[in-house]
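Trainee: Could you work out the structure for the sequence below:
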Amino acid sequence: MLSHRAPALTAPRLLLVILAAALLTGAASAAPPAKDILRRALNLHEGVQDYTAQVQAEIRAPEGADLHGEDRVQTIAFKVLFKRPDKVKIEANRPVVMPKQLFVFGNLGTLVAQNADVTLIGEKTENGVPIYAIKAVRRGGGGGSILFWINGENWTVQRMQIPVGGPNGGLDLNVVWTYTQVQGFYVPQRIAVSLPKVMFGEGAQGNGEASLTMTNWKINVGLEDKQFE
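Mentor: Numbers count the residues shown, from 1 in each chain. Take a look at the predicted model:
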């Protein structure tokens with residue numbers, strides 16, 4: 001089973017964090033308003049009505065980690081099916097402990113823009129492409145601020161920093177995306193998060209990593225409701 005007893009996050013919660021900002025993806029000149037940038041990036045899959053994909057999830061703990069007898073590298077492979085608005089089915093040859101909402105394509109960008117104060121805090125150019133740094137702070141406090149780095153050409157989220165607290169506060173998870181293009185949509189090929197060594201006990205030698213690798217995407221194939229029964 002893909003899990004270990006890290007002090008701050010279990011594997012299912014960790015993978016929910018990894019995809020909390022989605023499975024994402026469209027050109028810019030002058031910087032548009034921060035809310036528009038974030039909404040556009042997080043709503044890039046509005047045209048996806050259904051999909052299937054092969055997924056491999058992996059947690060790689062550092063040397064010296066306190067794993068309570070579990071393997072340092074744990075992987076599980078499965079197939080995921082999704083149909084709007086929220087039907088998800090996971091097909092695997094053994095039980096998969098993972099929140100199905102990880103794989104729902106919704107309108108996350110609109111929800112974030114409506115419920116958070118969003119600010120453009122930086123902009124740079126890489127190979128002629130603008131990269132926007134966006135900060136989203138939940139209204140009413142709580143949860144800290146999430147930082148996004150968004151490609152201003154294809155509107156993919158390149159990187160994200162998420163506060164998770166930790167024993168003394170100030171502990172962040174850094175998430176990095178790589179993409180592939182399928183049927184005109186930018187979809188995640190790999191999503192990786194660096195896990196601070198404090199999560200693995202005093203003997204940990206360096207950071208760990210958790211990742212999702214998604215391949216063999218098939219989009220808008222006309223999945224029927226009975227396939228989710």
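Trainee: neighbours around the residue nearest to Lys87 when sequence neighbours are not counted, how many?
Mentor: Leaving out its chain neighbours, the residue that sits closest to Lys87 by C-beta to C-beta, 6 or more residues apart in numbering is Phe228, at 4.6 Å. For glycine as for every other residue, the C-beta is placed from the backbone atoms N, C-alpha and C. Neighbours of Phe228 under the rule other C-beta atoms under 10 Å: 12.
Trainee: same deal with Glu123?
Mentor: Neighbours of Glu123 (other C-beta under 10 Å): 13.
Trainee: just Gly47 next, same as before
Mentor: 12.
Trainee: okay, and for the chain, where does confidence drop off?
Mentor: For the chain, the stretches flagged by pLDDT under 70 are 1-31, 106-114, 141-143, 165-170.
Trainee: can you pull out the strands in it?
Mentor: Listed in chain order, the strands of the chain (DSSP state E) span 50-60, 73-83, 87-91, 116-126, 129-138, 145-151, 157-165, 171-182, 185-195, 208-219.
Trainee: Output the ones you listed as JSON lines; include the columns distance to Arg39.
Mentor: Output for the strands of the chain, formatted as JSON lines (distance: least, C-beta to C-beta, whole Å):
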{"stretch": "strand 50-60", "distance to Arg39": "21"}
{"stretch": "strand 73-83", "distance to Arg39": "21"}
{"stretch": "strand 87-91", "distance to Arg39": "23"}
{"stretch": "strand 116-126", "distance to Arg39": "9"}
{"stretch": "strand 129-138", "distance to Arg39": "10"}
{"stretch": "strand 145-151", "distance to Arg39": "11"}
{"stretch": "strand 157-165", "distance to Arg39": "12"}
{"stretch": "strand 171-182", "distance to Arg39": "18"}
{"stretch": "strand 185-195", "distance to Arg39": "16"}
{"stretch": "strand 208-219", "distance to Arg39": "21"}
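Trainee: Can you tell me which of those is nearest to Lys35?
Mentor: Lys35 sits nearest to strand 116-126 of all these, at 4.7 Å, using C-beta to C-beta.
Trainee: outside of that closest one, which residues touch it?
Mentor: Strand 116-126 has contacts (C-beta atoms under 8 Å, 6 or more residues apart in numbering) with 31, 33-35, 37-38, 112, 130-139, 147.
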